[in-house]
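>>> sequence first, then the predicted structure:
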Amino acid sequence: MDPLNWIIVLSVAGIVLICLEMFLPGIIAGVVGVICLVIAVGLTYYHYGAAKGNMAAIGLMIATATGLALWITLVPKTIVGKFLITRSDMADSKSADSLESLMGKNGRAVTPLRPAGTAIIENRRVDVVAESGLIDSQSPVNVVRVEGNRVVVRKI
């Protein structure tokens, strides 16, 4: 097979594999795609000299920058892009703010707190940490501090 055909096949395979990386889990497809592109440029240097190798490398960089710019501007407007991009507002999620409402409330340890475990507080299952010592399962607890997403309890 002619070296030019190998260069074309490797370039197309590299681009396809990098595009598939958006839909496949892991980074293997993207890494193999980049390796294919590097080999294609290396073959260009080897078979056609430094001038054409430099043109292939520069062309690859320009094509990559152009493709990335098009991806960023056009894909979010497509049906597939709207499916891939999350538009939900984080304000709707259960965050540390909702844990603040548990301050001073009483509950019951579901698991032994050694020192971390689970408790039911206000009919919510919450991951908690004992303020000091160990707390047995089914012991009544009181929320004494909320530090971000960490709920600290004390045995009543």
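Cool, the structure landed. Residues are numbered from 1 along each chain as shown.
>>> spatially, what comes nearest to L17 if we skip its sequence neighbours?
Of all residues not flanking L17 in the chain, G33 sits nearest, at 3.1 Å (C-beta to C-beta, 6 or more residues apart in numbering). Where you see a C-beta, it was placed from the backbone N, CA and C, and this is true even at glycine.
>>> give me the domain ranges for this structure.
3-84, 96-155 (automatic domain parsing).
>>> right, so the ones you listed: which one is the most enclosed?
domain 96-155 (a mean of 16; mean count of other C-beta atoms under 10 Å).
>>> need the domains of the chain in TSV with mean pLDDT, can you?
Shown next, in TSV, are the domains of the chain (pLDDT from 0 to 100):
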stretch	mean pLDDT
domain 3-84	89
domain 96-155	91
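>>> contacts only, for A130.
Taking C-beta atoms under 8 Å, 6 or more residues apart in numbering, we find A130 in contact with 113-117, 152-155.
>>> run the last query once more with 10 Å
109, 112-117, 119, 139, 141, 152-155 (C-beta atoms under 10 Å, 6 or more residues apart in numbering).
>>> which members of the residues you listed are the farthest-apart pair?
P112 and V152 (16.2 Å; C-beta to C-beta).
>>> once you drop chain neighbours, what's closest to D127?
Per C-beta to C-beta, 6+ apart, closest to D127 is T118, 6.0 Å.
>>> unless I'm mixing things up, the one you found is touching I135, no?
No. The criterion here is C-beta atoms under 10 Å, and T118 misses it with I135 at 11.3 Å.
>>> shared neighbours, the two?
What both T118 and I135 touch, as defined by C-beta under 10 Å, 6+ apart, is the set 109, 111-112, 128.
>>> all strands of the chain, in order?
106-109, 116-121, 124-130, 140-147, 150-155 (DSSP state E).
>>> and those: which comes nearest A57?
Nearest of the strands of the chain (C-beta to C-beta): strand 150-155, 50.5 Å.
>>> gap between the closest one and the chain center?
30 Å (C-alpha atoms, centre = their mean, to the nearest Å).
>>> try stretch 7-18
Using C-alpha atoms, centre = their mean, the offset of stretch 7-18 from its chain centre is 26 Å.
>>> can you show me the CA trace of it as CSV?
Output in CSV follows, covering the C-alpha atoms of stretch 7-18 (Å, rounded to 0.1, in the frame of the first residue of the first chain):
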residue,chain,number,x,y,z
ILE,A,7,-1.4,8.6,6.0
ILE,A,8,-5.0,9.2,4.8
VAL,A,9,-6.4,6.1,6.5
LEU,A,10,-4.6,6.9,9.8
SER,A,11,-5.7,10.6,9.7
VAL,A,12,-9.4,9.6,9.1
ALA,A,13,-9.2,6.9,11.7
GLY,A,14,-7.7,9.3,14.2
ILE,A,15,-10.4,11.9,13.6
VAL,A,16,-13.2,9.4,13.9
LEU,A,17,-11.8,7.9,17.1
ILE,A,18,-11.4,11.4,18.7
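>>> having no further points to raise, I will conclude here.
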